[in-house]
Structures are given as C-alpha cells and as structure tokens.
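**Q** Need coordinates for the below:
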Amino acid sequence: MARDGTPSAGMAEKVVPGALARDMFAGAIGGVLSIAYGLSYAALIFSGPLAPWLAYGVSASLVTAAVSASIVAARSSLPFTIGGPDGSTSAVTAALAAAMAERLIADGAGAHMLHPVLIAIGLATAATGILLCALGLTRAGRAIRFVPYPVIGGFLGATGWVMFVGAVRVVTDHRLDLGHLDAMLSALALAKLAAAGAFALALALVMRRNPHPLALPALILVGVAAAHLGFGLSGTTVARAQALGWTFQPQTGVGLTSPLDLNELRRFPWGVLPSVAGDMLSVMFVTAICILLSTTGVEFATRREANLNRELKTFGLANLAAAALGGYANCTALSRTSLNYAAGARGRASGFTVAALSVAVLAAGPGFLAYAPKFVLGGLLFYMGGSLMQRWLLGSARRLSALEYVSLIAIALIIVQWGFVAGVFIGVIIGCATFAISASRVNAIRFSFDGSEYRSSLDRGADELAILAAKGGEIQGVSLQSYLFFGVANRLFEHVKSLLARRPDCRFLVIDFRQVFGFDSSATHSFAQIRQAVEDAGARLVLVNLSPDLKDAFIGLGLLTEAVTVASDLDRALEACENATIAEHRSEVAEARTLREWLTTALGDPGHAEQMVGCCERFEVAAGEVIARQGDPTDRLHFILEGRVGIMVQLEDGRSIRVRSLGPHTMVGEMGLITANPRSATIQAEIPSVLYALDAQTYERIKHDNPALSQALLTYVITVMAERLSFANKIHGVLQR
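**A** Numbering: from 1, shown residues only. The predicted structure is shown next:
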C-alpha cells in the first residue's frame, strides 16, 4: 500500500463504488482536456500544406489519446497517470511532418504527400517505442538522467517556440517569416492573433490564480461560446466565419490510415528518409526526455514513487500500438495527470474513461471542426508554448550558472535556426564543453599538509614528537579528489612546482588518490612532469591509494620507478616518512634512553621515576599478540618502552579497524584506569614489543599511600591528553582549508 492508503502499482485493486465514480469523474475532465489538446496538436501538425488533411490529423490525435490512455491505465506504476500526445512531442512531430512535406513538394510529389507523411510519422513513433522498450528492458532508464540540463532546457525551450510559431500558422494560415510579413500585418490576421493572444492570456491568468481541475475545460468552452456570440453579434454566419478563416473548413469523416499498408509502403519515397532522419531522432529524444521529466513531475506533485523502467516499457508499448494504428508519439501528460490526481483520481478507471471519450469523439467524426474557432485552439498552443519558454528559457536563469544558462540559450537558438538535428549534435558538444569548463574549476586538492601538523596515527614519545615538530616540514603532502583530466592535472602540477620552490627542505612529497574516481591520459602526462620536478628537487615521491587502473597507467608510462614509493594507505605512508625523518635527526643518546630516563622526564622527578618503575611489571609480547580486548575491564595501564602496538576497534559487522598506533615512550589505557570504564578498543602488538604495566590495585595503593607520585602521574596523563587534543585540532584545521 502507498502512504496515502491507495493500492500500489501492480497490486490487485479493490473497486469501491465511490472511488470508481470519483475516478470516472476525474477521467471525464481529463478526457475533455485530452480532446481539446488533441485538436490543437492536430492543427499544429497538419498546418500549412497539410491543412487540407486536418481530418486525418484529428483522427491521429484521438487514436493516440485513446491507445496511450488505455495502455498506460492498464500498466503504469502510477495507476492515475494519463498518457497521450503532449506539447513537446507534438511540436517535434510537427517539425518532422513539415520537413517531410517540404521535401515532397520540392520533389514534385505535393499532391500525394498525405500517406508518405503519415508513414514517416509512424516510423518515427515505432522507432520511439522500440527505444523506450529497450531502455526499460535493459533497466537503462536512469541513463536519461545524465543528459546535461542545458541540453534538455534548450530542447524544450525551443520546442515552446516551435509551438508558438505553429500557433501563429494555425490561427492565420501563414508562416511567421519575412516572406509572409504583409499577410501577417493585415487587419484580419492581426485581429485573429489578438483574439488568440487574449485567450492565451486569460488561460495564463486563470490557471495561475485558480488551478482548479475544471478551470481549463471551462475556459475552453467559454472561449468557444464567446467566439460564436461574437459571430452572431457581428452578423457573421458560420459559413462566412469559415471563409474568413475564423473556424476550420468543413471536414468529412475519414478512416484510420495505418502506416503498415503494404501498397503505400511500396510507393513510399525511401530516398527522402535520410533527409528527415534528424527530425525522427528528435522525436525519439524529446519523447524519452519528456517521459523522464513528466514522471518526475508527477512524483513530486503526488508524492508517489514511480518505477521509471516500467514507465518506459509501458510507453514503449503505447507508442508501438499508436504507430500501428496511425497515431504519433505520446508520453506522460503531466498537466492532465496532475489535474486528474487533484480531481480525486487514484485508480485506473480514470485513464480508461479518457480513452472511451476519445473513441466516442473519433466515432462521431470531425464535422464539429467547422464550428471550432481557430483562435481558441491557437490560443491554447500559445499558452502551452509560452509556458515552455517561460519555464525553460526564462526560469532557468535563476537555477543555472551564467555559463550553463548561456549554453542553454545557445542550444535553443541553434534549434530554432537550424532545426532539432543540429541541436542534438551541437547541444551535446556544448554540454560536454560546459561540463569540461565547469569541472576544470574544481580544485583537485582536498587539502594539503606537512608533517609538522598532520601526522600518522602512531603515538610517539616526547623526543620523536619534538623532532617532527621541528623537521616535519620535510614531509609535504596533498590529498586529491574528483576526476583528474587536462586542466585539473595541470593546475596540480603548477601547485607542486610552487610548493617545491617554497619548501626547498622537502624530502617527501605524499600524494593521496583515495578520493579520485577517474582520470584521463592527459592527467598521467602531468604526473610525469610532477615526478620529474620532485626528482629535480632531491625529494622522493610517495603515491598512496592508487586504483588498479591508475597504477596500470602509471606503470605503462614508466612512472613507477625506484625513485617512487607506492603505499596502500595514507596513514602507513606518513608513518614511514616520519620514521625516516626521525632516524635522520635523532641522536644516539635519545635512542638508548631507558624507562627510568623516560619517566624522569615525564614525571619531573628521578625519585618518582624510580618508584613508578618499582610498581610496574615488565613483559614482552610478540607481533600480533593481543594485550587487552575491547569490552574487558581496564585493569592496567601500559607504558610502551620498545616496539609498537595498535588500537583496534571492533565494528558491528564483525570487521575491526586500526584507529591509532602507539610507539616507544607512549602509554595506553590511562583514561580507562582513571575512570574505571571498560576498554573501548583492543590493544594488539604490531611488532615485537616491550611493555611495563601498572595494574589497577597498585594504582589505587599509590593514590592512597603516595599522593605526590599519584599527582605527578595524573599531571603527565593530562599533558599527554592535551598534546593529543592539540594534534586533533591541527588535523581539523588542515581539513578545513
């Protein structure tokens, strides 16, 4: 069940009389809108030289609405979805029909263009269905989401302009270009455009202030009634209105024309097809994009989650069926679906009601077109085209960067000037270029550090910490992120050159690739330059967390020479560099310090040191031996004289990770001993080690019998904790750069 209590898609639905009536009422509203939209789309597609066959366009629109609505109602993952022709798909279909008609006229076949145009539309619709089914069956629906936003916005914004221009042709019977300027400026044409514009403006105002499900069909009926009232008041008969072009010419009933007619297929001018292949691809592309955007919009409006792959397969079948019956491309009708849901529809009966009404009007015939005012259908196209342009060409300015918005406008202009096929290819090129420019601005360096402020997780004694504080700058490092390609990698090379110039004492340059998720060949070239610069500076390059692909690429270019160290993780790489730095600067006296000497410095008094040594138990552990387990009582504090132990935390999934290492002249377990809390981690020797343990009972005796020694030990613990906190603060500061 869905969150609102309605049955989920794919579940058997219990038919409730009240719910059924509500679905049918909402479907009736959607059906009226689908018919009105369908008439507008038919007028858009069958305009200009195709206008004499408008009846075929009406039949095609109604067939498309009926087939799509019924198949979508039966199979959609959102049972209240209304499928059918939509503004964007109809606009590109109109562009395909116009291109096909113009080519046929140029070849002298203008008198017999109907069937070739219908076949071309049917082939594009069938190809769209095959594409959608393939995307759904291969679960590749999410691939559509990777189309750059400027390309989508440019396409749909240009589609709005195509609808706008098509509306002008529907209303005036003239194309919007310089060749028809005189006709467009005639008083009759301007009056028609003014009426259509006024109706579009009324639609926009009412739908913005009162988006009630009944508002749009009511306005359409009011527009038709107002037109005929105006005709009557002016003394204009219906025949006169038809002659003046205020309404459509009388249309006789026509039968369905399937593009699968073998005789027509044999006569089809197949040599013309390559010239309109780009427009056919546009139908496929725009339909797929519209399904994605509309389905996402329905999810947002209804707070119901759709199965995108199922929707693609459903509309694939709907487009294949529409192509076989003489229809054209169809998709999710976002506005009608949203209104359907707002009117109370929750089940599949609403979609079947839309299909039934479409079939009823189809059976009645197209005779009613003689009474349909052109400016009403044209105004509806103006409203839809203007909405698309406002949303994608104007509204996008607030959501996109300047570069992306300029790209969107450029793609839209290219489509308007040279057509959808040019927009497909040039749009993708612009999208890729925009991405490359934007991505090159991303800083590949997450953070940079040196060994005096950012160290490994190995806790060290005071002498070693002093060496690292003084000489840690010999260790320089950068942690990388994102995708590495030409611009980004070159900026990294420039950063390394500047770093080596500022820090001539650098002995190790550590580069961490853990957050890098891809690279190209130009990036590997930049790393060849980085390696050469590091070698020239007398330093050693340390590469950390190399992916297998990146490692193979470096090996292929000969970058992984003996002068380059490869480490599995940053912590161990830093530990190795620190050990080398300490070994270079540590004196022999410091290396030979005993436990007494260490504790004398730590506790501030030789007597205290002597007493503490007497209270501790010495023992040796082998590599891998567990010294204490997570969750056990903290019964002793350990002083590490030689070797190294790891602090291992057990995770809920059974894995354990090392969170810290402790080296010579450090201690572990001090907080648990003082607070009496269980051990929060497992202590395990990483190499053979020598430890001295102070057990809890002895510690309690010291607190009771020797307050001075107890105070000295507590002071040392606080000093160590303060140093560790200071270290953590430095790391936090590095990460915030």
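
**Q** What would stretch 706-714 look like as PDB? C-alpha coordinates only.
**A** This file holds the C-alpha atoms of stretch 706-714, laid out as PDB (Å, rounded to 0.1, in the frame of the first residue of the first chain):
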ATOM      1  CA  ASN A 706      51.800   8.200  47.800                       C
ATOM      2  CA  PRO A 707      49.800  11.300  46.800                       C
ATOM      3  CA  ALA A 708      52.800  13.100  45.300                       C
ATOM      4  CA  LEU A 709      53.600  10.200  42.900                       C
ATOM      5  CA  SER A 710      49.800  10.000  42.100                       C
ATOM      6  CA  GLN A 711      49.700  13.700  41.300                       C
ATOM      7  CA  ALA A 712      52.800  13.500  39.100                       C
ATOM      8  CA  LEU A 713      51.300  10.600  37.100                       C
ATOM      9  CA  LEU A 714      48.000  12.500  36.700                       C
END
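
**Q** gap between that stretch and the chain center?
**A** 61 Å (C-alpha atoms, centre = their mean, to the nearest Å).

**Q** Same check on stretch 534-543?
**A** 39 Å.

**Q** now what about it, what contacts it?
**A** By C-beta atoms under 8 Å, 6 or more residues apart in numbering, the residues outside stretch 534-543 that reach it are 477, 496, 500, 504, 506-511, 513, 530-531, 554, 560, 563-567, 573, 576-577. Heads up, the C-betas are built off the backbone N, CA and C, glycines and all.

**Q** Start and end of that stretch, how far apart?
**A** 12 Å (C-alpha to C-alpha, to the nearest Å).

**Q** Buried residues in it, which are they?
**A** Neighbour counts over stretch 534-543 (16 or more other C-beta atoms under 10 Å) mark 534, 537, 539-543 as buried.

**Q** pLDDT score for Trp161?
**A** For Trp161, the pLDDT comes out at 88.

**Q** Need the three-state assignment for the residue nearest to it when sequence neighbours are not counted.
**A** Nearest residue to Trp161, sequence neighbours excluded (C-beta to C-beta, 6 or more residues apart in numbering): Val416, at 5.6 Å. Going by DSSP: H, G, I helix; E, B strand; the rest coil, the secondary structure assigned to Val416 is helix.

**Q** Tell me how far the host helix or strand of Phe449 lies from the chain's centre.
**A** Following DSSP states H and E, one finds Phe449 within strand 445-450. The chain centroid and the centroid of strand 445-450 are separated by 28 Å, computed with C-alpha atoms, centre = their mean.

**Q** Pull up the pairing partners for it, direction included.
**A** If you go by DSSP bridges, strand 445-450 pairs up with strand 475-484 (antiparallel).

**Q** for the record, mean pLDDT for the strand it pairs with?
**A** In this model, strand 475-484 has a mean pLDDT of 87.

**Q** Buried residues, that strand. List them.
**A** Across strand 475-484, burial judged by 16+ other C-beta under 10 Å covers 475-482, 484.

**Q** from the chain's centre, how far out does it sit?
**A** 25 Å.

**Q** helices and strands around the helix or strand just after it, which ones?
**A** For strand 475-484, the following helix or strand on the C-terminal side (DSSP H and E) is helix 486-502. Counting contacts by 3 or more C-beta pairs under 8 Å, 6 or more residues apart in numbering; DSSP states H and E, helix 486-502 packs against helix 420-440, strand 445-450, strand 475-484, strand 508-519, helix 521-536.

**Q** cutoff 7 Å now
**A** If you count contacts as 3 or more C-beta pairs under 7 Å, 6 or more residues apart in numbering; DSSP states H and E, helix 486-502 packs onto helix 521-536.

**Q** downstream neighbour of the helix it packs on in the secondary structure list?
**A** By DSSP H and E, the next helix or strand past helix 521-536 is strand 540-544.

**Q** Give me the buried positions along stretch 298-312.
**A** Neighbour-count burial for stretch 298-312 flags 298, 302, 304, 306-312 (criterion: 16+ other C-beta under 10 Å).

**Q** now these as a markdown table including secondary structure, pLDDT and distance to Ala318?
**A** Listed next are the buried residues of stretch 298-312 as a markdown table, based on DSSP: H, G, I helix; E, B strand; the rest coil; pLDDT from 0 to 100; distance: C-beta to C-beta, whole Å:
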| residue | secondary structure | pLDDT | distance to Ala318 |
| --- | --- | --- | --- |
| Val298 | helix | 83 | 16 |
| Thr302 | helix | 81 | 20 |
| Arg304 | coil | 85 | 20 |
| Ala306 | coil | 87 | 15 |
| Asn307 | coil | 89 | 16 |
| Leu308 | helix | 88 | 15 |
| Asn309 | helix | 90 | 15 |
| Arg310 | helix | 93 | 13 |
| Glu311 | helix | 93 | 10 |
| Leu312 | helix | 94 | 11 |
